[in-house]
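Enquirer: This is the structure alone, sequence omitted:
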């Protein structure tokens, strides 16, 4: 038995789990792509205090991994060693104070957008176009339609992977495009966002337009992983990732049922329930071909987790 499983077997003997604790849990259902191996230990967390205690007590050599809604991750077929953490419903509360919206890390982005519509708070409409939860959105500085988390971020609270409390203000973070420097070592349990007073009808119309545009340009109702590759820095190329893929004649490439969406050639579709390894191989092939044609190496926006 592994060290992480031993730890939790002992922990369960003297502690009530607030949430759910599962051993050797398949992770395929936690990824929009519908693939992935097992987690040694899967912990659906419903208590900040218990999460703090577990992270503090868990042997430091045991790996920690956090997942959100699974909209932009690829979990490899070999699974994830150590502890996999997912925040539960107790981390989905929203509060409003002086145009500052504070939401639990597991709150869905679109739920925050609709809450702001109801409260006539403007500036967060773009969240309706981002799949996933606000903790995950902050972790990758997610964005769409010309806006991102950096523009509305106010503060956040959470824990590092060893149970130390973290309090972050906007000035503490050096955001880059689809990058947050704390993402690889922090669990964001609460996020505060800054809006402005707005007109409810105008906010509603902007949300509706974003949703219409998203449905027209992105696949829906199929196994996908969101944007596959990051757009390159404008100093490197004025072209976006999808334009480089199209220019390199990669938009029609398929590999065993894995291909790009006909709506958007930076969105992978897993039409035949293929393996994570095959999807990863497809991505590497696209990177290789785009580099050969343009000299530009596309970086993954989908986060690849686990072992092959």
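Expert: Cool, got the structure. All values derive from a computational prediction rather than experimental measurement. Residues are numbered from 1 along each chain as shown.
Enquirer: hmm, who's touching stretch 234-245?
Expert: For stretch 234-245, contacts defined as C-beta atoms under 8 Å, 6 or more residues apart in numbering pick out 227-232, 247, 251, 260, 264-266, 286, 290, 294, 296, 298, 301. Just so you know, the C-beta spots here come from the backbone N, C-alpha and C atoms, and that holds for glycine as well.
Enquirer: Buried ones in that stretch, by neighbour count?
Expert: For stretch 234-245, a neighbour-count test (16 or more other C-beta atoms under 10 Å) marks 237, 239-242, 244-245 as buried.
Enquirer: now, which of those residues sits nearest residue 9?
Expert: residue 241 (44.8 Å; C-beta to C-beta).
Enquirer: For residue 149, the count of nearby residues, please.
Expert: Applying other C-beta atoms under 10 Å, we find 25 residues neighbouring residue 149.
Enquirer: mind listing what it touches?
Expert: With C-beta under 8 Å, 6+ apart, residue 149 has these contacts: 137-138, 141-143, 175.
Enquirer: Restricted to helices, list those.
Expert: 137-138 (DSSP state H).
Enquirer: Of the contacts of residue 149, just say which sits nearest to residue 102.
Expert: residue 138 (12.5 Å).
Enquirer: Surely the closest one touches residue 153?
Expert: Yes - Residue 138 lies in contact with residue 153 (C-beta atoms under 8 Å); the separation is 6.9 Å.
Enquirer: who has more neighbours, these two?
Expert: Using other C-beta under 10 Å, the more surrounded residue of residue 138 and residue 153 is residue 138, with 25 against 21.
Enquirer: Please list all residues in contact with that one.
Expert: 105, 149, 153, 156, 180, 183, 188, 191.
Enquirer: where does it land on pLDDT?
Expert: pLDDT, residue 138: 90.
Enquirer: swap in residue 187?
Expert: pLDDT, residue 187: 95.
Enquirer: My reading is that it lies in a strand. Confirm?
Expert: Yes - under DSSP: H, G, I helix; E, B strand; the rest coil, residue 187 falls within a strand.
Enquirer: Domain-wise, how is this protein divided?
Expert: Domains of the chain are assigned by automatic domain parsing as 3-89, 92-215, 220-305.
Enquirer: so how far does the shortest one reach from one end to the other?
Expert: By that I understand domain 220-305. 24 Å (C-alpha to C-alpha, to the nearest Å).
Enquirer: what do you get for the first one?
Expert: End-to-end distance of domain 3-89 (C-alpha to C-alpha): 28 Å.
Enquirer: where do the helices sit along the stretch 201-308 of the chain?
Expert: 241-247, 276-294 (DSSP state H, counting those that start in this stretch).
Enquirer: Redo the ones you listed as CSV? Include mean pLDDT and distance to residue 86.
Expert: Below are these laid out as CSV (pLDDT from 0 to 100; distance: least, C-beta to C-beta, whole Å):
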stretch, mean pLDDT, distance to residue 86
helix 241-247, 97, 28
helix 276-294, 97, 18
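Enquirer: which ones are touching the nearest residue to residue 84 once chain neighbours are set aside?
Expert: Closest residue in space to residue 84, ignoring its immediate chain neighbours: residue 39 at 3.9 Å, by C-beta to C-beta, 6 or more residues apart in numbering. Contacts for residue 39 (C-beta under 8 Å, 6+ apart) come out as 22, 24-25, 27, 65, 79-80, 83-84.
Enquirer: is it fair to say residue 39 lies in a strand?
Expert: Yes - under three-state DSSP, residue 39 falls within a strand.
Enquirer: Let's see the pLDDT reported for it.
Expert: Model confidence at residue 39 (pLDDT) stands at 97.
Enquirer: picking up where we left off before, are any of the contacts of residue 39 buried, and which?
Expert: The neighbour count (16+ other C-beta under 10 Å) marks 25, 27, 65, 79-80, 83-84 as buried among the contacts of residue 39.
Enquirer: which one of those sits closest to residue 47?
Expert: Using C-beta to C-beta, the shortest approach to residue 47 within those belongs to residue 83, at 15.3 Å.
Enquirer: Quick check: bridge partners of that closest one?
Expert: Taking DSSP bridges, one obtains residue 41, residue 64 as the residues bridged to residue 83.
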